[in-house]
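Asker: Show me how the following folds:
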Amino acid sequence: MGRPETTPRPGQAGELHRRLARWRPAYRPLILAYLVIMASDFWFAGPIAGMLGWPLTVMWTWPIFTTLTGIIGIRRTRKALRTSAARWSGQGLTTSDSFLIVVVPTIGRHDTYPALERSVLSFTTFLPRCFPRLRIDIVIDEGCEATGRIAQLAAGSALIRLVTVPAGYRTANGTRFKARATHYSHELRIHEHENQDDAWVLHMDDDTGVGPDTALAVARFIEEQAQAGRDAKHLAQGILTYPREYAVNWLTWLADSARPAEDVGRFSAWTGSGTPRAGVHGELLLVRASIEATIGWDFGPRSIVEDAQFALIFSARYEGRSGWFGGRCYGASPASLRDFFRQRERWSWGLAGLVFNPSLQLRNRLLLGYSVMSWVVGPIQNVGVVMLIGVLIADPNTSPVTLLVIPLWALNMAYVIWMYWEGLRVNAEVSADGRRKWWESLAVILLIPIFGLMESIPGLRGFLKFARHAENKFLVIAKPS
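Answerer: Model prediction:
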């Protein structure tokens, strides 16, 4: 069995530590973009709005709450990275008392196995340095395609346990797909009396690995909670990054620049403030085992975004008890444009279902509804689409009904530019050569209108599938190795 690379910088962990220790999200790209865009908007805006005046005034102003939340997140992230002891000062840190259980559900196909092997080997390489009490649970369905290869992988380390979900297993609420497997492993931990306060569950996707920085950040967070007493947190998340060498498709890799930027912006603002109302990722999700036992993953047969649903239930029950840490995990962007669309479509489909789920707290659903609406109307917010509509109706005037909204328009667009610029910087810094190529910086800005359509078209399709009550599907894309 070949051993794939287990870290974005094989054999050069020290340099990776130094590089990441210096990083903090920068304000400069945001400020510069804002000044340029606002000056341009005031220059080209006319005194009288055209036929598009009112629609654009509403649509291009609509995302301002998300933008402001993201900016708050930038500030919070900078402060956390500046003050947290997780920043490379304790290489020898170990959590002698806490038990870390890494849970990795996988569909177990041959085309997903190479990424699973890479990720699992990263767990066995880096996590034992900080966690003497460690177990890695690979969760598969009985009879899955790559059972033999996965069993061989599990046999290679005493730290790994293979958990097989019986074909006849049914949850009380009829949950399917990944959540069914996750709930089975959850019930198994309860049966084995591992739902204790000093046990933590680290949820990881089967294509997402860790590095030395991840282990240190997770360990420091857990140690801080052991010392926090009644103010201890029960859930935390860090940053999802995409090393260049894991990418198969350069377009989807550049498009995924937005995701680490969202983690240090909007997700940092919500999760870091104590209540993850914006949701969480299914990877690098750290949850206290005793708290997870009170929620579980049995959300019913229509659940296809179980991570977001878990976060909303947690927000209602444990307000103020989540945290954010500066560790990173290392994943791979979709291997094709088709897979990119299918991934985003599933997310939109599932999130729309949560918006209309009456079992969830109303104020959390209202916030989620605001975000989903921004996503669904994305195709007609796109600058290129707006220009085309203007040509078709013979009225290319895009001036707002009042010039007072132009500073808000400029801030929204500047934040989008910041997301792709800063996200590319993050992904490049965790890659092998540690820097952006000259053409990547240019391409990621010029392609923002294309990225907008890549995100918004499947978002709209997913919402329409929900509205039509289409049969839920949990499509698992191929995982680049």
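
Asker: and L464, how many residues sit next to it?
Answerer: 15 (other C-beta atoms under 10 Å). Yep, even glycine has a C-beta here, placed from its N, CA and C like the rest.

Asker: V139 now?
Answerer: Neighbours of V139 under the rule other C-beta under 10 Å: 23.

Asker: Secondary structure element for it, which one?
Answerer: Here V139, judged by DSSP states H and E, is contained in strand 134-141.

Asker: what's downstream of that strand, the next helix or strand?
Answerer: Following strand 134-141 in sequence, per DSSP H and E, is helix 147-155.

Asker: V386 contacts L56, correct?
Answerer: Yes. Applying C-beta atoms under 8 Å, one finds V386 in contact with L56, separated by 6.8 Å.

Asker: Now the common contact residues for these two.
Answerer: Residues touching both V386 and L56 by C-beta atoms under 8 Å, 6 or more residues apart in numbering: T398.

Asker: So if I had to pick from the two, which one is more boxed in?
Answerer: Shown here are V386 and L56; by other C-beta under 10 Å, L56 has more neighbours (24 against 18).

Asker: How much space separates the more buried one from R24?
Answerer: Using C-beta to C-beta, to the nearest Å, L56 is found at 35 Å from R24.

Asker: Can you give me the domain boundaries for this structure?
Answerer: Per the record, the chain has its domains at 15-80+368-467, 86-343, by automatic domain parsing.

Asker: Show the pLDDT at the closest residue in space to Y242 that isn't next to it in sequence.
Answerer: Leaving aside its sequence neighbours, Y242 sits nearest to N427 (C-beta to C-beta, 6 or more residues apart in numbering; 4.8 Å). pLDDT for N427: 96.

Asker: Return the list of helices and strands in contact with the helix or strand containing N427.
Answerer: Following DSSP H and E, one finds N427 within helix 406-429. Judged by 3 or more C-beta pairs under 8 Å, 6 or more residues apart in numbering; DSSP states H and E, the packing partners of helix 406-429 are helix 28-44, helix 64-83, strand 235-241, helix 250-255, helix 258-264, helix 438-446, helix 448-467.

Asker: and the angle from the third one to helix 406-429?
Answerer: So that's strand 235-241. 80 degrees (axes from the mean of the first three to the mean of the last three C-alpha atoms, to 10 degrees).

Asker: Sheet partners, orientation included, of strand 235-241?
Answerer: strand 285-288 (antiparallel), strand 322-330 (parallel) (DSSP bridges).

Asker: Quickly, which of the ones you listed bottoms out on average pLDDT?
Answerer: strand 322-330 (a mean of 94).

Asker: Could you export that one as CSV, CA atoms only?
Answerer: The C-alpha trace of strand 322-330 is given here as CSV (Å, rounded to 0.1, in the frame of the first residue of the first chain):
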residue,chain,number,x,y,z
SER,A,322,-18.9,27.7,21.1
GLY,A,323,-15.4,28.9,20.2
TRP,A,324,-13.0,29.4,17.3
PHE,A,325,-9.4,28.4,17.1
GLY,A,326,-6.6,29.2,14.6
GLY,A,327,-5.8,25.7,13.5
ARG,A,328,-6.2,24.6,9.9
CYS,A,329,-7.3,21.4,8.2
TYR,A,330,-6.3,20.5,4.7
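
Asker: circling back: would CSV of the domains of the chain with distance to K473 be doable?
Answerer: Output for the domains of the chain, formatted as CSV (distance: least, C-beta to C-beta, whole Å):
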stretch, distance to K473
domain 15-80+368-467, 9
domain 86-343, 8
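
Asker: Single out the most deeply packed of those domains.
Answerer: Neighbour counts (mean count of other C-beta atoms under 10 Å) averaged over each of these peak at domain 86-343, with a mean of 20.

Asker: where in the chain is pLDDT low?
Answerer: Applying pLDDT under 70 to the chain flags residues 1-21, 84-96, 474-481.

Asker: For the residue nearest the centre of the chain, give its distance to S431.
Answerer: The chain has H281 as the residue nearest its centroid, 4.3 Å off, counting by C-alpha atoms, centre = their mean. Per C-beta to C-beta, H281 is found 20 Å from S431.

Asker: Q152: which of the helices and strands packed on helix 406-429 is closest?
Answerer: strand 235-241 (28.3 Å; C-beta to C-beta).

Asker: circling back to that earlier point, list of residues touching the strand holding V139?
Answerer: If you take C-beta under 8 Å, 6+ apart as the criterion, strand 134-141 is touched by 99-108, 116, 120, 123-124, 127-128, 147, 150, 153-154, 157, 159-165, 167, 181-182, 184-185.

Asker: Recalculate using a threshold of 6 Å.
Answerer: 100-106, 108, 123, 127-128, 150, 154, 159-165, 181, 185 (C-beta atoms under 6 Å, 6 or more residues apart in numbering).

Asker: go on, stretch 242-250?
Answerer: Against stretch 242-250 from outside (C-beta under 6 Å, 6+ apart): 8, 253, 256, 330-333, 335-336, 427, 430-432, 480.

Asker: same thing with stretch 24-33?
Answerer: Taking C-beta under 6 Å, 6+ apart as the rule, stretch 24-33 contacts I74, T77, R78, L81, V264, A414, I417, W418, W421, E422.

Asker: and the residues you listed as JSON lines, adding distance to I138?
Answerer: Shown next, in JSON lines, are the contacts of stretch 24-33 (distance: C-beta to C-beta, whole Å):
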{"residue": "I74", "distance to I138": "36"}
{"residue": "T77", "distance to I138": "32"}
{"residue": "R78", "distance to I138": "37"}
{"residue": "L81", "distance to I138": "32"}
{"residue": "V264", "distance to I138": "30"}
{"residue": "A414", "distance to I138": "43"}
{"residue": "I417", "distance to I138": "40"}
{"residue": "W418", "distance to I138": "38"}
{"residue": "W421", "distance to I138": "37"}
{"residue": "E422", "distance to I138": "34"}
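
Asker: Provide the strand pairings for the strand or helix carrying V104, with the direction of each partner.
Answerer: Assigned by DSSP H and E, V104 belongs to strand 99-105. For strand 99-105, the paired strands and their directions (DSSP bridges) read strand 134-141 (parallel), strand 199-203 (parallel).

Asker: Can you lay out the strands paired with strand 235-241 as TSV showing distance to A308?
Answerer: As requested, the strands paired with strand 235-241 are exported to TSV (distance: least, C-beta to C-beta, whole Å):
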stretch	distance to A308
strand 285-288	11
strand 322-330	14
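
Asker: could the contacts of stretch 242-250 go into a markdown table alongside distance to V391?
Answerer: As requested, these are exported to a markdown table (distance: C-beta to C-beta, whole Å):
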| residue | distance to V391 |
| --- | --- |
| P8 | 45 |
| W253 | 32 |
| D256 | 31 |
| Y330 | 44 |
| G331 | 40 |
| A332 | 39 |
| S333 | 33 |
| A335 | 36 |
| S336 | 32 |
| N427 | 36 |
| V430 | 42 |
| S431 | 40 |
| A432 | 44 |
| P480 | 39 |
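
Asker: right, and out of these, which lies closest to L351?
Answerer: Nearest to L351 among the contacts of stretch 242-250 is D256, at 18.1 Å by C-beta to C-beta.

Asker: CA atoms only: put the strand holding V139 into PDB for me.
Answerer: Presented in PDB, the C-alpha positions along strand 134-141 are these (Å, rounded to 0.1, in the frame of the first residue of the first chain):
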ATOM      1  CA  LEU A 134      -6.500   9.100  20.900                       C
ATOM      2  CA  ARG A 135      -8.600   6.900  18.700                       C
ATOM      3  CA  ILE A 136      -9.500   7.300  15.000                       C
ATOM      4  CA  ASP A 137     -12.900   5.800  14.000                       C
ATOM      5  CA  ILE A 138     -13.400   5.200  10.300                       C
ATOM      6  CA  VAL A 139     -17.100   4.700   9.800                       C
ATOM      7  CA  ILE A 140     -18.300   2.700   6.700                       C
ATOM      8  CA  ASP A 141     -21.500   1.100   5.600                       C
END
